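Participant: Here is a sequence together with a model predicted from it:
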Amino acid sequence: MAYGDKTAVDGLTLSVAEGSITAVLGPNGAGKTTTLETCEGYRKPQQGTVRVLGLDPIADRKQLLPRIGVMLQGQGAWSGVRAMEMLKHISRLHAHPLDVDELAERLGLGECGRTPYRRLSGGQQQRLGLAMALVGRPELVFVDEPTAGMDPQGRRTTWELLRELRADGVTVVLTTHYLEEAEELADQVHIIDRGRMIASGSPLELTRGGATATVRLVVTKPFPPGARESLRKALGEDTEVTLLDERSMRVTGRADPTTLAKVSRWCEENDVLPESLTLGRRSLEDVFLDLTGEKLEHV
Ligand SMILES: Nc1ncnc2c1ncn2[C@@H]1O[C@H](COP(=O)(O)OP(=O)(O)OP(=O)(O)O)[C@@H](O)[C@H]1O
């Protein structure tokens with residue numbers, strides 16, 4: 001998929017299992033929205049094949065539309081329309097819609113049902129967008145950054161709702177740049193960067209490091225110059241040390257008490273006071289950092 005001479009999605013191959021939650025994860029501009037819009041039939045790929053529920057999203061649009069739900073990043077409601085009017089309008093377009101009042105209550109839209117769309121907060125607009133995508137009881141829902149701009153409560157409600165949809169057999173495809181969201185929700189995660197797929201798997205498969213562990217060291221004041229090299233030397237050959245920011249480092253190495261003890265001794269010898277020293281599984285952020293050399297949340 002290209003916009004003029006700008007390639008947005010390049011040779012991406014992915015399939016989604018029925019009744020699962022799939023997360024397409026990547027930094028801004030990675031090509032997530034373009035991928036979704038291509039599946040939704042809004043964009044025609046210059047090359048390749050797209051099949052959604054076995055149908056061509058452009059040629060078979062009429063058959064496909066009633067079977068899918070779409071939550072766009074920009075929502076797509078008129079600026080003056082009241083939240084509940086919009087939801088009711090969408091529900092009337094479907095043969096067997098959900099109970100509109102129940103859905104609105106569930107998504108916390110009860111209080112702002114009479115508020116014009118343009119006056120809704122970002123989080124409320126997101127909730128309405130999600131309600132509009134779900135009201136037609138779709139078999140498959142595409143949700144683009146469903147929790148962007150939501151408060152923690154809204155985010156948790158959305159996660160619950162998406163999990164319930166999966167339990168009811170609905171297939172969910174979401175894009176996100178929140179690692180936590182992908183780890184919490186997804187059965188399969190596809191990490192894309194600059195239009196290309198860089199890793200795919202379940203969160204466990206992607207973060208499993210076998211005998212490799214990650215130690216995170218956060219200190220109370222900025223590391224002295226040369227700290228990364230010095231710690232690496234202290235830990236030995238098979239250990240990798242990455243400076244995450246001026247007060248935190250990530251050590252990837254053998255998952256044993258010796259590694260932790262060596263880090264702790266290095267702190268003592270270098271007069272560095274740890275704020276926290278934790279041993280854990282690699283996170284999706286570590287995976288992303290390894291694959292791209294960049295931190296996902298900050299690119
Ligand atoms: N309509 C457009 N015209 C030209 N370039 C575009 C257009 N839409 C997207 N792009 C470019 O294509 C690339 C992929 O964009 P896309 O919106 O798919 O990324 P994204 O991963 O969804 O990003 P974000 O997280 O910011 O929504 C980006 O470099 C973007 O600038």
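Facilitator: Perfect, I can see it now.

Participant: How about stretch 39-50 and the ligand, touching?
Facilitator: No. With Cβ under 6 Å from any ligand atom as the criterion, the ligand is not reached by stretch 39-50; the gap is at least 8.8 Å. For glycine as for every other residue, the C-beta is placed from the backbone atoms N, C-alpha and C.

Participant: got the contact list for the residue of the chain positioned farthest from its centre?
Facilitator: Most distant residue from the mean C-alpha position of the chain: Glu269, 40.4 Å away (Cα atoms, centre = their mean). By Cβ atoms under 8 Å, 6 or more residues apart in numbering, the residues touching Glu269 are Ala234.

Participant: how does it look with 10 Å?
Facilitator: Ser230, Ala234 (Cβ atoms under 10 Å, 6 or more residues apart in numbering).

Participant: now the strands for the protein?
Facilitator: 2-3, 6-7, 21-25, 68-71, 140-144, 171-176, 188-193, 196-201, 212-219, 240-245, 248-254, 274-280 (DSSP state E).

Participant: just those: most buried one?
Facilitator: strand 21-25 (a mean of 26; mean count of other Cβ atoms under 10 Å).

Participant: what is the orientation angle of that one with strand 196-201?
Facilitator: Put simply, strand 21-25 runs at 140 degrees to strand 196-201, going by axes from the mean of the first three to the mean of the last three Cα atoms, to 10 degrees.

Participant: how distant is strand 21-25 from the center of its chain?
Facilitator: Centroid displacement of strand 21-25 relative to its chain, using Cα atoms, centre = their mean, to the nearest Å, is 6 Å.

Participant: what's the average pLDDT for it?
Facilitator: What strand 21-25 shows for mean pLDDT is 95.

Participant: what packs against it?
Facilitator: Applying 3 or more Cβ pairs under 10 Å, 6 or more residues apart in numbering; DSSP states H and E, one finds that strand 21-25 contacts helix 32-39, strand 140-144, helix 152-167, strand 171-176, helix 179-185, strand 188-193, strand 196-201, helix 284-292.

Participant: circling back: distance of the residue farthest from the centre of the chain relative to Ala186?
Facilitator: 42 Å (Cβ to Cβ, to the nearest Å).

Participant: for Val141, same thing?
Facilitator: Distance, Val141 to Ala186, by Cβ to Cβ: 14 Å.

Participant: For the two, list the residues in contact with both.
Facilitator: Taking Cβ under 10 Å, 6+ apart as the criterion, Val141 and Ala186 both touch Ile21, Leu162, Val172, Val173, Leu174.

Participant: Please name the nearest non-neighbouring residue to the second one.
Facilitator: With Cβ to Cβ, 6 or more residues apart in numbering as the criterion, Leu162 has its nearest non-adjacent residue at 5.4 Å, and that residue is Val172.

Participant: same thing with Gly19?
Facilitator: Gly169 (4.9 Å).

Participant: What residues does the one you found make contact with?
Facilitator: By Cβ under 10 Å, 6+ apart, the neighbours of Gly169 are Glu18, Gly19, Glu139.

Participant: Next up, the contacts around the residue positioned nearest the centre of the chain.
Facilitator: For the chain, the residue nearest the mean C-alpha position is Thr176 (2.6 Å; Cα atoms, centre = their mean). With contact set as Cβ under 10 Å, 6+ apart, Thr176 has these partners: 23-26, 32, 143-148, 182, 185-186, 189.

Participant: Who is the closest residue to Thr278 other than its chain neighbours paired with across the strands?
Facilitator: In space, and not counting its chain neighbours, Thr278 is closest to Arg216: 5.0 Å by Cβ to Cβ, 6+ apart. Beta-bridge pairing of Arg216 under DSSP bridges involves Arg250, Thr278.

Participant: can you tell me which residues contact Arg216?
Facilitator: 244, 248-251, 263, 276-280, 283, 286.
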